[in-house]
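# Fold the following.
(chains A and B)
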Amino acid sequence: MSRTTAARGEPAPGESWQRAMDSGELLLVAAVGMLVVAAVAQTAAAGLVQPRIALAFGALISLGEVLRLSLEGGRESAPIGSAGAFAYAVVLTVGGKPALQPALQVIAVVAAGMVLGALPHLAAGRPAGLAGMASRLIGVAVAAALFRPLSTIVAITRPSDWGLALAVMAVVLVAGWLAECLIGALISADALRARFGVALRDEMRVQLPLGAAVAATAILIAFAADLMGLVALGVFIAPLLVTQMAFRRYAGIRATYLETVRALARVTEVGGYVEDGHARRVGRLAVVVGRELGMSEPELLELEYAALMHDIGQLSLRDPIPGGATVLASREQQRRIAELGAGVIDQAGVLDKVAEIVRYQSRPWRGQEREPPVGSRIIRAANAFDDLVGASADPSRTMAALEWLRLDTSTEYDPQVVEALAKVAGRRHRRR
Amino acid sequence: MVTGTGHRPRGERTSKLPPGAWLYVAAVVAAALAAVAQALGADPDLDGPVGRSWTVAVLVLLFLICDSAPTTLTYRQSAWSPSSSVTLAAVVLVGPAGALVVGATSLFSVRRGLGRTQRVFIASMYGLSAWAAGQVYLALGGTVGPPGHSSFPGIIGPFAVAAVVHVLINHGLLWGMMMLAPPAEPGQPGEALRRHLPMLVLSDLGYATLGLLIAALWSVGGAFAAILVLVPLFVARWAIGQFAAQERAYASTMAALCQAVETKDWYTRGHSERVSRGSAMIAREVGMRGRRVDAIRYAGMLHDVGKLGVPTTVLQKNGALTEEELAAIQLHPMRGLAIVSEIGFLDEALAGIMHHHERMDGSGYPMGLAGDEIPEFARVIAVADAFDAMTSNRSYRGARSIEEAVADLRKWSGTQFDPALVDAFVAALRREGWEQPRAAAAGQPPDGMAVPDHDDPAAPLRVDSK
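You can find the predicted model right below:
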């Protein structure tokens, strides 16, 4: 249950905001790699305890890794593999006999299963997803390290005391899940320059539903294995597969949705209303600025939709504004375009907040009866910036545009937004 | 399990069920009552497993929790709930009669908007499928009662067959209802349900296996273990709900954006939606399914999006066009292609958008393809496109009747349109009908202007030869 940063934040052509794997991810993979080497060495030296059980769980984990799942924001998850791994960490008895694997063996078996499961992905030319596997493994390692030493305490292995065992398992699994979210948030805060608190909340929000299903399934496997033996693993694949299928379709339609809005936002370009690539550039810039200002992922998604469609109101004009740049249009006209655009988006009936952001984009940030939403203020600045700079990469033009925006911060543009924009633009030039 | 919902478009009432559907409901209820009678006959004093009142009560409670929170599917008249896992657990724990009782309590589940007839039908359907699954389970040698160490793996075979029977009867009975009492929504009855059927059947089968788990854990943790089982159920329910919500949001956003595009042209108000509907009618009629129908629906919706690249002055010009202006109009399919080419899912749809003005005799644009060279999607959209243009009001003529427009389609069938697709469209038209735009539609040019419509085959664009 983690994600690959490469897929997140939209790899933008021609802009190297991110590299394939950044330093945080490398550090994580290296640290987990050392842990795995130690675990494998120890297990090899001591000999594999109960190899049949290890093999069954390892196979389930491999299968789960083959059936990885993309979640929103480019995250990656392997619910079936995670459920198998967590179950192996907390299983007490299999077919009535105690399960005796030590924590290091759990880590070694889970790692082996994951690596095997990653091979088909490599063969198909997809990324191996090392960082994702590493953070999933950390979650399991935390759970195993906490639970395995306890598993010999008689109090929780007696079937009559299943209530206590259940409570301990739940606490341990929550700890493992939190560790995983923490790692995920650290990586995304590092890679996307998101604020850590915001990144952690986003991570926990996205991982909560599947995490709950995985934890509940792991506990169920652990209990059912007492009665059913290893058959419990087989029986449990089916329901989790269904959950996974539902999530896959959900992720698919989300992606198509964004893709379609992106494509259709181009109608203003093809119609000659705005410059080529304007909607997309404003969309990307607005998202980066919004993240700089500490907006969460759902807010960023709304912001992106609004930014992509911010000029859609121009379609209702009989003829394009000369040059298409609304920054130089009269205030009345700007307001009309914004109203018309918001009207179009209102029609959809499901994007109320997006419509509101578009509606208020034409308003100056001060001197209003109510302050425009932060999204509107960001789009207002990003739109002006792009109207002035366009696709140009010329630093002097960027500086001039920023200067122009700064001059108007008393009424027109929110100074906080302009400063965030300046920071982001500066970063872009340094990375070039 | 799938069920009906109380959703009734256009204020219809369930009491207006067609007679065939009444008979059907009566038959299903009678079968369920027969099952009750059989169960009572076999165990008149309730000494059997169904008499384990505590177990039955907990199962009923679990069932009601699951059944009271169904997810509405994209298709608004059906809903899905993970309750099949509880009825199947009941099959193992308390036998067919107990499962029948559990399923039938659906009568009391907390769901708004369900009519009395619907409740009775759904309860009978659930009870019947649970009872049948229980009979199959017994016949294959399954034993009733909480399973122990010795029950595995022997119990798996009978249970799996029982689960399949349960799912098939549930879906079959509901499907029959959909066929007999078609919902008042556009499209063929049950079409959307059919589209989602594979996913639903798989979901149900997956969750059916949880029924075995509930039964197996009964001896260990009792009701508490069953509550744990509910967690993945509700997560799946949540994800399916999110998916359906996103799909609906997607469709309506697409429609709104298309409407925005239409504001440029007098004639296109509602045109995209109607062409989309017409194209889907033809597609289903010629046997396309699932994703292809979806794709052609979107292609129909977006077919004229490229008109944005045509200057408004040309689109709204009064009278004949110059050569350049005609060329600008004829470029719109290519412009449309440029816009939608980045939407990954529409592969065949792209060809449909690009070639929707080709003619069978090769005199169309932009490529002048003829006959089978024209992609199938484009031939489908061409028919629906022309038909809608002819049946809409134009400033140079009133809207034609459906009969006249059909006659015109037939007249140009072979030269402009694919005859097989025209036949398919007419057949679908006879069955499903067509909603013509209202006469006083908003998008009309001012009086006295004769703005040509590029889609109207009866009034080809005139070029000013001067």
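# Could you check which helix or strand contains A:Q101?
For A:Q101, there is no host helix or strand (DSSP states H and E).
# Excluding covalently adjacent residues, which one is nearest to it?
Nearest-residue entry for A:Q101: A:V49, 5.1 Å, with adjacent residues in sequence omitted and distances by C-beta to C-beta, 6 or more residues apart in numbering or on different chains. Backbone N, C-alpha and C define where each C-beta goes, glycine included.
# Can you report how many residues neighbour the one you found?
Neighbourhood size, A:V49 [other C-beta atoms under 10 Å in any protein chain shown]: 13.
# for the one 5 residues further on, same thing?
Other residues near A:A54 come to 22 when the count uses other C-beta under 10 Å.
# and what of the one 4 residues further on?
Here the number of neighbours of A:G58 (other C-beta under 10 Å) works out to 23.
# what helix or strand does it sit in?
helix A:51-66.
# other SSEs contacting that helix?
For helix A:51-66, the elements it packs on are helix A:79-90, helix A:103-123, helix A:231-265, judged by 3 or more C-beta pairs under 8 Å, 6 or more residues apart in numbering or on different chains; DSSP states H and E.
# which other residues reach it?
If you take C-beta atoms under 8 Å, 6 or more residues apart in numbering or on different chains as the criterion, helix A:51-66 is touched by A:48, A:78-85, A:87-88, A:91, A:94, A:99, A:101, A:105, A:109-110, A:112-114, A:116-118, A:120-121, A:133, A:230, A:233, A:237.
# Which parts of the stretch 101-250 of chain A are helices?
Secondary structure of the stretch 101-250 of chain A (DSSP state H, counting those that start in this stretch): helices located at A:103-123, A:130-147, A:154-157, A:162-192, A:196-228, A:231-265.
# Ok, which of these comes nearest B:V101?
Closest approach to B:V101 among those (C-beta to C-beta): helix A:231-265, 24.6 Å.
# Measure how the closest one sits relative to helix A:79-90, angle-wise.
Going by axes from the mean of the first three to the mean of the last three C-alpha atoms, to 10 degrees, helix A:231-265 is angled at 140 degrees with respect to helix A:79-90.
# and helix A:231-265, does that touch chain B?
Yes. Judged by C-beta under 8 Å from any C-beta of the partner chain, helix A:231-265 and chain B are in contact via A:231, A:235-236, A:238-243, A:245-247, A:249-250, A:253-254, A:256-257, A:259-264.
# so after that helix, what's the next helix or strand?
Sequence-wise, the next helix or strand downstream of helix A:231-265 (DSSP H and E) is helix A:267-270.
# Would you mind putting the CA coordinates of that following helix into PDB?
Extracted as PDB, the C-alpha positions of helix A:267-270 are listed here (Å, rounded to 0.1, in the frame of the first residue of the first chain):
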ATOM      1  CA  VAL A 267     -11.600  23.300 -27.300                       C
ATOM      2  CA  THR A 268     -10.900  26.900 -26.400                       C
ATOM      3  CA  GLU A 269      -7.500  26.600 -28.100                       C
ATOM      4  CA  VAL A 270      -8.800  24.900 -31.200                       C
END
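# so what secondary structure elements neighbour it?
The helices and strands touching helix A:267-270, judged by 3+ C-beta pairs under 8 Å, 6+ apart, are helix A:278-292, helix B:223-262, helix B:332-340.
# Could you rerun that using 6 Å?
Contact here means 3 or more C-beta pairs under 6 Å, 6 or more residues apart in numbering or on different chains; DSSP states H and E; on that basis helix A:267-270 packs against helix B:332-340.
# Can you list the buried residues in the helix it packs on?
Neighbour-count burial for helix B:332-340 flags B:332-333, B:335-340 (criterion: 16 or more other C-beta atoms under 10 Å in any protein chain shown).
# What about chain A: which of those touch it?
Contacts with chain A within those, counted by C-beta under 6 Å from any C-beta of the partner chain: B:335, B:339-340.
# contacting residues around B:L421?
Taking C-beta atoms under 6 Å, 6 or more residues apart in numbering or on different chains as the contact definition, B:L421 lies against B:282, B:379-380, B:383.
# hmm, try it at 7 Å
By C-beta atoms under 7 Å, 6 or more residues apart in numbering or on different chains, the contact set of B:L421 is B:282, B:286, B:379-380, B:383.
# Name the helix or strand for it, please.
Secondary structure assignment for B:L421, by DSSP H and E: helix B:419-432.
# Counting neighbours, which bits of that helix end up buried?
Those buried within helix B:419-432 under the rule 16+ other C-beta under 10 Å are B:421-426, B:428-429, B:432.
# same question, stretch A:173-191
A:173, A:175-191.
# Show me the strands in the stretch 101-250 of chain B, by range?
Under the criterion DSSP state E, counting those that start in this stretch, strands are not mapped anywhere in the stretch 101-250 of chain B.
# Quick check: which ranges of it have low pLDDT?
For the stretch 101-250 of chain B, residues meeting the criterion pLDDT under 70 lie at B:182-196, B:220-223.
# what about the helix holding A:G58, average pLDDT?
Averaged over helix A:51-66, pLDDT sits at 95.
# Please apply the same query to stretch B:431-441.
For stretch B:431-441, the mean per-residue pLDDT is 72.
# number of nearby residues for residue 330?
You didn't say which chain, so I picked chain A. Other residues lying near A:S330 total 10 when counted by other C-beta under 10 Å.
# Please refer instead to chain B.
Neighbours of B:Q330 under the rule other C-beta under 10 Å: 16.
# That one contacts B:Y365, doesn't it?
Yes. With contact defined as C-beta atoms under 7 Å, B:Q330 counts as touching B:Y365 (4.5 Å).
# which element is A:A39 on?
helix A:23-46.
# Show me what that helix packs onto, helices and strands only.
helix A:103-123, helix A:130-147, helix A:162-192 (3 or more C-beta pairs under 7 Å, 6 or more residues apart in numbering or on different chains; DSSP states H and E).
# Any chance of those in CSV with distance to A:S362 as columns?
Shown next, in CSV, are these (distance: least, C-beta to C-beta, whole Å):
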stretch, distance to A:S362
helix A:103-123, 47
helix A:130-147, 42
helix A:162-192, 29
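# Of those, which shows the lowest average pLDDT?
Between the helices and strands packed on helix A:23-46, the lowest average pLDDT goes to helix A:162-192, which shows a mean of 90.
# Can you list the helices and strands that it packs against?
Counting contacts by 3+ C-beta pairs under 7 Å, 6+ apart, helix A:162-192 packs against strand A:2-3, helix A:23-46, helix A:79-90, helix A:130-147, helix A:154-157, helix A:196-228.
# quick one: the longest one to helix A:79-90, angle?
In other words, helix A:196-228. Using the same axes, to 10 degrees, the direction of helix A:196-228 lies 70 degrees away from that of helix A:79-90.
# Just want the angle from helix A:196-228 to helix A:278-292.
Here helix A:196-228 points in a direction 80 degrees away from that of helix A:278-292 (the same axes, to 10 degrees).
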